[in-house]
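>>> how would this look folded up:
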Amino acid sequence: MSNSVEILVYITADEKRVLGGDPLTLLIKDVGEQKKLILELARALRANVVQLSTGDYIVISKDR
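Numbering: from 1, shown residues only. This next block holds a predicted model:
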């Protein structure tokens with residue numbers, strides 16, 4: 001059984017933190033839109049959400 005956690009999505013309102021590669025990074029400047037999308041993604045992916053001190057969010061896989 002693996003205890004690893006994977007970052008599935010990174011959501012930010014700061015275009016300076018948008019980098020290419022994996023995971024998917026979304027630039028969403030509207031806070032209300034961010035929160036709505038985060039909940040939808042977490043439910044769809046059966047994942048957890050963490051808000052970072054920068055205000056950005058990461059959607060991470062649950063331990064299985």
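>>> Pick out the residue closest to the middle of this protein.
With distances taken as C-alpha atoms, centre = their mean, Ile58 lies nearest the centre of the chain, 2.8 Å away.
>>> Look at that residue and report its pLDDT.
For Ile58, the model assigns a pLDDT of 95.
>>> Could I get the buried residue list for the one helix or strand it maps to?
Element membership for Ile58, per DSSP states H and E: strand 57-61. By 16 or more other C-beta atoms under 10 Å, the buried positions in strand 57-61 come out as 57-60. (Each C-beta comes from the backbone N, C-alpha and C, glycine too.)
>>> Please enumerate the strands of this structure.
Assigned strands in the chain, in chain order: 7-12, 24-27, 47-51, 57-61 (criterion: DSSP state E).
>>> Would you reformat those as a markdown table and include distance to Leu37?
Shown next, in a markdown table, are the strands of the chain (distance: least, C-beta to C-beta, whole Å):
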| stretch | distance to Leu37 |
| --- | --- |
| strand 7-12 | 7 |
| strand 24-27 | 7 |
| strand 47-51 | 11 |
| strand 57-61 | 9 |
